[in-house]
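Asker: Test case, fold it:
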Amino acid sequence: MELLDIGVLSKRSGVPPSTLRYYEEIGLIQSVGRHGLRRQFDTPVVTHLALISLGKMAGFSLEDIKRMFAKGGTPQLPRGELHLRADALDEQIRGLTRLRDALRHVANCPAETHMDCPKFKRLMQFASRSTQAGTR
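Answerer: Got it, this is the predicted structure:
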């Protein structure tokens, strides 16, 4: 069994050593020992870190991700939660697409000023409602 020093694991995974130590501290990954003062990890941790990165990219918290692993570290991905997260991403994509289209319109709008553009006014109203909703 090949063991990876924390520095090697960091280079291989792209995860900084400080983050690896934090992940170990909160129980997301486990070292299998030490060589001097340096933590040693089993090679499957590379796959584990890739799954953690994927979960973070999808918007899951580290606590959510931690629950997606069985005691032995085997991934147990909750399909229902994945579907809900994918649906949320679809909604976010739709919102961002509308925003992009509105910004492009405003950038090319023939109105004399942006304040004369009805689409820009709707965009500002939307932004105001979104800000208010986020502060509740």
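Asker: Could you check how many residues crowd around H48?
Answerer: Burial measure for H48: 20 neighbouring residues, criterion other C-beta atoms under 10 Å. No exception for glycine: its C-beta is placed from N, CA and C like everyone else's.
Asker: Same question for A58.
Answerer: 15.
Asker: Isn't it up against R85?
Answerer: Yes: assessed by C-beta atoms under 8 Å, A58 is found in contact with R85 at 5.5 Å.
Asker: where does the chain have low pLDDT?
Answerer: Residue ranges of the chain with pLDDT under 70: 131-136.
Asker: Okay, and the residue located most distally from the centre of it sits in which element?
Answerer: Distance to the chain centre peaks in the chain at E112, reaching 40.9 Å (criterion: C-alpha atoms, centre = their mean). When elements are assigned from DSSP states H and E, E112 belongs to no helix and no strand.
Asker: for it, phi and psi?
Answerer: phi -60, psi -40 (degrees, to the nearest 10).
Asker: Please shift the residue numbers so they start at 28 in all later answers.
Answerer: Noted, 28 is the first residue going forward, which turns the last one into E139.
Asker: Next up, the contacts around it.
Answerer: Taking C-beta atoms under 8 Å, 6 or more residues apart in numbering, we find E139 in contact with no residue.
Asker: Check H75 too.
Answerer: H75 is in contact with 55-56, 96, 100, counting by C-beta under 8 Å, 6+ apart.
Asker: do that again at 10 Å, thanks
Answerer: Going by C-beta atoms under 10 Å, 6 or more residues apart in numbering, H75 touches 40, 50, 55-57, 68-69, 96, 100-102.
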